[in-house]
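Provided below for reference: sequence and predicted model.
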Amino acid sequence: MKHAKRVLVFAIIAFAAVSASAQVKKMKWDSEFCQYEGTYDSKKYSESQLRATIKLLDSFGSVSLMTESNAWEYEDIDKLSVEKLDAEYKTVRKEFEDLDIVDVEYWKDLKKQKLAAIDQEYKMSRAQILGYKDPARLLDFECAESCKTEYVEPLIAGGDKLLEAWRKLIEKRAKDNASEMTRYTAENASPDRLKYAQISVMTFGWSNCANDSIKYIEFDETHNKEFEKLFKKVRTIECEEPE
């Protein structure tokens with residue numbers, strides 16, 4: 001009987017050891033310059049959740065929508081496509097919305113912030129594409145209230161008000177690049193100066209101003225540290241020297 005109990009105890013200990021080891025798994029991933037390996041508790045997170053969290057992390061500090069909304073020349077206006085933007089927005093938003101990230105409040109909050117930034121990007125880009133032909137549509141992007149007096153009102157008014165806004169914008173930009181004034185002088189003497197004014201005020205004035213109002217998630221080393229907290233142990237496998 002004692003022998004049977006001893007065997008049972010050994011069996012329980014062995015099962016417990018196997019169960020404990022089954023919780024611990026390893027995963028490799030890459031950053032811009034380094035490769036890492038982490039040991040994590042698979043009862044807390046799955047590898048797919050960790051990789052989804054990496055995808056969210058890698059998106060910080062950059063725009064999400066690639067559809068062009070800027071017209072660099074007057075002829076580019078007709079090349080802009082709000083339909084293409086709408087389609088991309090639906091795809092990209094769903095992609096991030098469906099990310100099955102780790103069930104940790106810190107990361108869940110950052111995911112909400114990312115989705116909000118995508119929504120703002122979309123609204124700004126859509127307003128801009130439509131605004132080239134109907135400047136009043138710039139008012140659709142309510143986040144850019146501070147840009148209204150300086151850029152939207154002159155774009156809607158046109159004529160001398162638009163030309164005045166253009167001149168002020170160029171004077172501001174010329175502080176960092178003297179060639180801006182040379183180009184402005186030539187374009188202002190052109191019969192198409194109102195077209196040049198519209199493109200400049202829209203693309204370099206309103207667009208930059210509106211973009212500044214979007215709450216992008218800036219990349220921060222804190223995010224990396226929080227990600228590493230999801231692991232029991234993290235080791236650096238190798239790193240490349242940045243060029």
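Structure's in. What do you need? Numbers count the residues shown, from 1 in each chain.

Show me which helix or strand of this protein is least confident by mean pLDDT.
One helix or strand of the chain scores below all others by mean pLDDT, DSSP states H and E: helix 2-23, with a mean of 47.

Can you give me the distance of Leu110 to Lys55?
Distance of Leu110 to Lys55, computed by Cβ to Cβ, to the nearest Å: 12 Å. Glycine gets a C-beta too; all of them are placed from N, C-alpha and C.

between these two, who's got more neighbours?
Between Leu110 and Lys55, counted using other Cβ atoms under 10 Å, Leu110 has the larger neighbour count: 20 against 12.

list the contacts for that one?
For Leu110, the contacting residues are 56, 60, 217, 223, by Cβ atoms under 8 Å, 6 or more residues apart in numbering.

can you list those residues in TSV and add neighbour count, secondary structure and pLDDT?
Below are those laid out as TSV (neighbours: other Cβ atoms under 10 Å; DSSP: H, G, I helix; E, B strand; the rest coil; pLDDT from 0 to 100):
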residue	neighbour count	secondary structure	pLDDT
Leu56	19	helix	96
Phe60	16	coil	92
Ile217	18	coil	92
His223	20	helix	93
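
Give me the three-state assignment for the residue nearest the centre of the chain.
The residue lying closest to the centre of the chain (Cα atoms, centre = their mean) is Val63, at 3.5 Å. On the three-state scheme (DSSP: H, G, I helix; E, B strand; the rest coil), Val63 is labelled coil.

was I right about it contacting Met124?
No - Val63 lies out of contact with Met124 (Cβ atoms under 8 Å); the separation is 10.3 Å.

In the chain, which helix is the longest?
Ranked by number of residues, the top helix in the chain under DSSP state H is helix 105-131.

Can you list the buried residues in the helix or strand just after that helix?
Downstream of helix 105-131, the next assigned helix or strand under DSSP states H and E is helix 153-157. Under the neighbour-count criterion of 16 or more other Cβ atoms under 10 Å, helix 153-157 has 153-156 buried.

Could you do stretch 181-191 as well?
184, 187.

ditto for stretch 232-243
Residues of stretch 232-243 classed as buried by neighbour count (16+ other Cβ under 10 Å): Val234.

That stretch - what's its average pLDDT?
Looking at stretch 232-243 alone, the average pLDDT works out to 85.

Format the CA atom coordinates belonging to it as CSV.
Coordinates of each C-alpha in stretch 232-243 appear next as CSV, following Å, rounded to 0.1, in the frame of the first residue of the first chain:
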residue,chain,number,x,y,z
LYS,A,232,9.1,36.2,-18.1
LYS,A,233,12.5,36.7,-19.7
VAL,A,234,13.7,38.5,-22.9
ARG,A,235,17.1,38.1,-24.5
THR,A,236,18.7,39.8,-27.4
ILE,A,237,19.8,37.3,-30.1
GLU,A,238,21.6,39.8,-32.3
CYS,A,239,21.6,43.4,-33.5
GLU,A,240,22.8,45.1,-36.6
GLU,A,241,24.5,48.5,-36.5
PRO,A,242,22.3,51.2,-38.0
GLU,A,243,23.7,52.6,-41.3
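
contacts for that stretch?
24, 28, 33-41, 228.

same thing with stretch 139-158?
Contact with stretch 139-158 is made by 120, 123-124, 126-128, 130-131, 135-136, 138, 161-162, 164-166, 168, 194, 198, 201-202, 205-206, 209-210, 213-214, as judged by Cβ under 8 Å, 6+ apart.

low-confidence ranges in this protein?
Along the chain, segments meeting pLDDT under 70 span 1-22, 242-243.
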